[in-house]
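Visitor: Next one to model:
(4 chains)
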Protein chains: 2
Amino acid sequence: MTESKAAQAEGAAKPRRRQARGERRVQQLLDAAASVFCQNGYAGASTNAIAREAGVSPGTLYQFFPNKEAIAVELGERLTHQMRQAHGLVFTVENAALPLGEMLDAVLDPMIEFNCANPAFLALINSTDTPGPVVEEHDALHLTLQSRVEELLGLRHPELPADRRTRTATMAFHLFKAGLDVILAHEGAEQRAYITETKDALYRYLAPIIGTEGSPVR
Amino acid sequence: MTESKAAQAEGAAKPRRRQARGERRVQQLLDAAASVFCQNGYAGASTNAIAREAGVSPGTLYQFFPNKEAIAVELGERLTHQMRQAHGLVFTVENAALPLGEMLDAVLDPMIEFNCANPAFLALINSTDTPGPVVEEHDALHLTLQSRVEELLGLRHPELPADRRTRTATMAFHLFKAGLDVILAHEGAEQRAYITETKDALYRYLAPIIGTEGSPVR
DNA sequence: GGCAAACACGAGCGATCACTCGCGTTTCAC
DNA sequence: GTGAAACGCGAGTGATCGCTCGTGTTTGCC
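Guide: Have a look, this model is predicted:
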């Protein structure tokens, strides 16, 4: 779905026609990889284990991926792509105008939901041995997210010096990631409690800097 | 220094007499291991690379450690031991009675300093492939630290329900760890700025819960 | 000085793992 | 229907890595 056109755009390098069965296999393999990466990290995940988890032979796996790294890269790309779509819907001018508490709900809830549904995302980027390209892919996402947060801070508090704004955004981002880790480590009622706890922490961190009121302008 | 007595206490299992040269080698090897673990994580660190970094042959390494895991375990033990000593000096009744801002300085500064001086500590426990015993060792430290924080919360706000207290301590702990990661990722003036930023975040998170005033009692 | 034990070396062994290759099966365009 | 290409298999290959072993050197004790 993502690269049926993209592959043809790259053109010459990929003279590979893929059948519906193949697309299904790729998805199976990526799902299996996500599961194994979650359990053992990137280095700890053997390609044979991924193939076994997907219910295919090692040879079949290499029918669709040139090497182990490509699996992580493709998985990373799909996850970051989904993440970008999600955050595009979230950093809107309407949300920027909301009161702080509601803004945090509007921005954070989709992020939390995504990471709960795709724990492989955090597992991959928290792992130290993830391949370079995946890290760079995520760094790029991180940068756009951070600049979105900075824009948002700028809208709500234009007088804030640029360096303070960058620091605040960085800090808020990492505070949220810490909250996410705690949230993912719990379930049920506990998990819900830590979700509100995370929002509280961010609210209290941001309130003195950008205020709690939503702006009616724009 | 740590186990010259402890080894004799365990007794029968260790009929090994160590010379001064040997102790020096062990320290060299642990330093080298810390450095390599920082760069590549546990799984990515080959024993040959550790030996090379220490300037000795692979065989020499195995003169002092039965296997790769033992290196990480010994390193982890030494680091957690130092950490325990540091935090014993930090969670005192006097500090508990301080105003919130000063209390955070008193408790956090030594922790930050330790982790800046020993980045291998965070690297090891953030790595997904760290051996079980090291993780358990750290979990134990984590638990005692967390209960110290809970005691401290209890002293300052006795009416706080137990589950709220646990959640607050957990959250504060992870917020601090997030701050630590950001702090370690910077240096110089930037690093100092993120130190105060981390303290601010914790101050604002804790102030509504336990108040900002120090208690004159006790 | 002499001897036993600790220290040091580095080539190499066995296991693991990413990846291949030859061959058989399914799918699809014509 | 038929041929070409995609799909599928799993034993095997080469490289890496944890670890050993035979041998030689240094240290400390009598």
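Visitor: Low-confidence bits of chain A, can you list those?
Guide: A:1-15, A:214-218 (pLDDT under 70).
Visitor: how about the residues of it that lie near DNA strand C?
Guide: Neighbours of DNA strand C within chain A, by CB under 7 Å from any atom of the strand: A:19-21, A:45-49, A:58-59, A:62, A:66-69. Bear in mind the C-beta positions are built from the backbone N, C-alpha and C, glycine included.
Visitor: can you map out the strands along chain A?
Guide: Per DSSP state E, chain A carries no strands over any range.
Visitor: Up against chain B, what does it have?
Guide: Within reach of chain B by CB under 8 Å from any CB of the partner chain, chain A has these residues: A:40-41, A:43-44, A:123, A:126-129, A:167-168, A:170-171, A:174-175, A:177-179, A:181-182, A:193-194, A:197-198, A:200-201, A:204-205, A:207-208.
Visitor: Filter the residues you listed down to the buried ones and express that as a PyMOL selection.
Guide: The PyMOL command for the buried members of the residues of chain A next to chain B (criterion: 16 or more other CB atoms under 10 Å in any protein chain shown) is given here:
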select buried, chain A and resi 40+41+43+123+127+128+129+167+168+170+171+174+175+177+178+179+181+182+193+194+197+198+200+201+204+205
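Visitor: From the residues of chain A next to chain B, which land in helices?
Guide: Of the residues of chain A next to chain B, the ones assigned to helices by DSSP state H are A:40, A:123, A:126, A:167-168, A:170-171, A:174-175, A:177-179, A:181-182, A:193-194, A:197-198, A:200-201, A:204-205, A:207-208.
Visitor: residues in contact with A:A106?
Guide: Residues counted as contacts of A:A106 (CB atoms under 8 Å, 6 or more residues apart in numbering or on different chains) are A:V90, A:N95, A:L98.
Visitor: Closest one to A:L108 out of those residues, please.
Guide: Sorting those by how near they are to A:L108, with CB to CB, puts A:V90 at the top with 8.8 Å.
Visitor: Distance of the closest one relative to A:A106?
Guide: 7 Å (CB to CB, to the nearest Å).
Visitor: and the residue nearest to A:L122 when sequence neighbours are not counted, what does it touch?
Guide: With sequence-adjacent residues excluded and distances taken as CB to CB, 6 or more residues apart in numbering or on different chains, A:L122 is closest to A:N115, at 5.8 Å. Residues near A:N115 by CB under 8 Å, 6+ apart: A:F121, A:L122, A:L180, A:I183, A:L184.
Visitor: from those, which two are the most distant?
Guide: Longest span within the contacts of A:N115, CB to CB: A:F121 and A:I183, 13.4 Å.
Visitor: The two: which has the busier surroundings?
Guide: Counted by other CB atoms under 10 Å in any protein chain shown, A:F121 and A:I183 do not tie: A:F121 has more neighbours, with 24 against 21.
Visitor: ok, the closest residue to that one other than its chain neighbours - how many residues close by?
Guide: Computed as CB to CB, 6+ apart, the closest residue to A:F121 that is not its neighbour in sequence is A:L79, at 4.7 Å. A:L79 has 24 neighbours, counted by other CB under 10 Å.
Visitor: any idea how far the residue nearest to A:L160 when sequence neighbours are not counted lies from chain B?
Guide: Spatial nearest neighbour of A:L160, excluding adjacent residues (CB to CB, 6+ apart): A:L153 at 6.3 Å. Taking CB to the nearest CB, to the nearest Å as the measure, A:L153 falls 14 Å from chain B.
Visitor: Run through the residues that contact A:L153.
Guide: Counting by CB under 8 Å, 6+ apart, A:L153 touches A:L160, A:R165, A:T168, A:A169, A:I209, A:I210.
Visitor: The third one contacts A:L160, doesn't it?
Guide: Okay, so that is A:T168. Yes: here A:T168 reaches A:L160: they are 7.5 Å apart, a contact under CB atoms under 8 Å.
Visitor: List the residues that are in contact with both of those two.
Guide: A:L153, A:I209.
Visitor: And for the nearest residue to A:Q28 once chain neighbours are set aside, the neighbour number?
Guide: Leaving out its chain neighbours, the residue that sits closest to A:Q28 by CB to CB, 6+ apart is A:A54, at 4.6 Å. For A:A54, the count of nearby residues is 21 (other CB under 10 Å).
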